[in-house]
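Asks: only the shape, not the letters, is given here:
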Ligand SMILES: NC(=O)C1=CN([C@@H]2O[C@H](COP(=O)(O)OP(=O)(O)OC[C@H]3O[C@@H](n4cnc5c(N)ncnc54)[C@H](O)[C@@H]3O)[C@@H](O)[C@H]2O)C=CC1
Ligand SMILES: O=C(O)C(=O)COP(=O)(O)O
């Protein structure tokens, strides 16, 4: 009988799918950290995992493991080479959280443009005169660059167009022929898009190094806003802090950080031109349920031999092929 390890807190609807099965056993570890689930990995044929690391060392202990299912889509914390070496499939949730991410990106964009943190503080501290300093701005007719034109980037593009924004996107991995028809103009060079944009929203996965560092921030307008709902590390956090401190960038909206949770002395905490959220872009009540159900269903489908191949990242390993 296949045994599933659920590593990290899941919406009860996902757990209910496992409880309903008498042909599956499972362990459930609420804590999101590798040391908390690693001791149980040896018994698992399937693993459902949140954003915590899955290291090569833990994969080595996973003698029976056949499938890893990400609750969510980003898999930068998973050691893919060690899964590939053992023929272990990695599945992601696909399109279940992109609407939620896009809403969060729009919320951060609006909150940064309207200087929501400063406005809130002004009311609470009796600084009513702040309203006439006119730091707050509009999104209407502003230029938005989307970096990474995949599932979440495309939802942001559609929503931003409805706000009256002019939208371009940078995605070097999308062929021109795959570029969806519509008003979104492809940008060939990231720096050209950054120099053009009033707002930049990041929707690309975390790779080897930061996509946006000192040099990229330097070409952005001093009035520009940066929004990151993708991953900490896609934007060089120290470079971002330096640009904000020096007034070379006007504002930022961040859902993700290089260290999560960020250290209490992170300079971003003292900046009220910055609006922050605790990696919740995909974690609305509705979306948490969709991700839990989808990630558990992916494991069940894998054992049944009928998982959607589009959801398996390292596709060649499905069903041991
Ligand atoms: N904050 C949160 O709660 C969430 C964060 N995420 C993050 O957002 C990322 C994107 O999610 P989706 O849109 O669903 O993924 P996706 O795979 O649909 O789209 C990502 C796009 O980025 C492009 N890309 C890859 N490398 C790039 C580069 N160097 N420059 C520009 N574009 C590049 C790809 O070609 C692809 O079109 C995930 O990898 C994940 O890290 C995703 C969901 C929730
Ligand atoms: O989908 C993603 O990549 C996320 O960041 C959300 O993942 P999580 O809810 O932390 O498992």
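Replies: The structure has been received and is ready for your questions. Every value quoted in this text rests on a predicted model; they were computed, and no experiment measured them. Numbering: from 1, shown residues only. Ligands and ions are numbered 1, 2, ... in the order given.

Asks: quick one: pLDDT of residue 181?
Replies: Per-residue confidence (pLDDT) for residue 181: 74.

Asks: what are the bridge partners for residue 67, then?
Replies: Listed beta-bridge partners, residue 67: residue 46, residue 89 (assigned using DSSP bridges).

Asks: distance of it from ligand 1?
Replies: According to CB to the nearest ligand atom, to the nearest Å, residue 67 stands 20 Å off from ligand 1. In this view, the C-beta of every residue, glycine as well, is placed from N, C-alpha and C.

Asks: same deal with residue 224?
Replies: Going from residue 224 to ligand 1 by CB to the nearest ligand atom gives 18 Å.

Asks: what sits against residue 224?
Replies: By CB atoms under 8 Å, 6 or more residues apart in numbering, the contact list for residue 224 reads 197, 198, 199, 200, 249, 250.

Asks: so which of these is the closest to residue 221?
Replies: Distance to residue 221 across the contacts of residue 224 (CB to CB) is lowest for residue 198, with 6.7 Å.

Asks: count the residues that sit near that closest one.
Replies: Residue 198 has 21 neighbours, counted by other CB atoms under 10 Å.

Asks: let me see the backbone angles for it.
Replies: With angles defined as degrees, to the nearest 10, residue 198 sits at phi -90, psi -30.

Asks: per-residue pLDDT, the closest residue in space to it that isn't next to it in sequence?
Replies: Spatial nearest neighbour of residue 198, excluding adjacent residues (CB to CB, 6 or more residues apart in numbering): residue 142 at 4.0 Å. For residue 142, the pLDDT comes out at 98.

Asks: what does residue 321 give?
Replies: The model reports residue 321 with a pLDDT of 34.

Asks: repeat for residue 6
Replies: On the pLDDT scale, residue 6 is placed at 98.

Asks: now swap in residue 157 and tell me
Replies: For residue 157, pLDDT reads 96.

Asks: give me the next element, helix or strand, following the host helix or strand of residue 120.
Replies: In the assignment (DSSP states H and E), residue 120 maps to helix 116-125. Note on helix 116-125: by DSSP H and E, the next helix or strand toward the C-terminus is strand 143-147.

Asks: how about the helix or strand following that following strand, does it get close to ligand 2?
Replies: Using DSSP H and E, the helix or strand that follows strand 143-147 towards the C-terminus is helix 151-162. No. Counting by CB under 6 Å from any ligand atom, ligand 2 has no neighbours in helix 151-162; the shortest distance is 9.1 Å.

Asks: near ligand 1 at all, helix 151-162?
Replies: Yes. With CB under 6 Å from any ligand atom as the criterion, ligand 1 is reached by helix 151-162 at 151, 152, 153.

Asks: show me what contacts the nearest residue to the first one once chain neighbours are set aside?
Replies: This points to residue 151. What sits nearest to residue 151 in space, not counting adjacent residues and going by CB to CB, 6+ apart, is residue 98, at 3.9 Å. Applying CB under 8 Å, 6+ apart to residue 98 gives the contacts 150, 151, 152, 154, 155.
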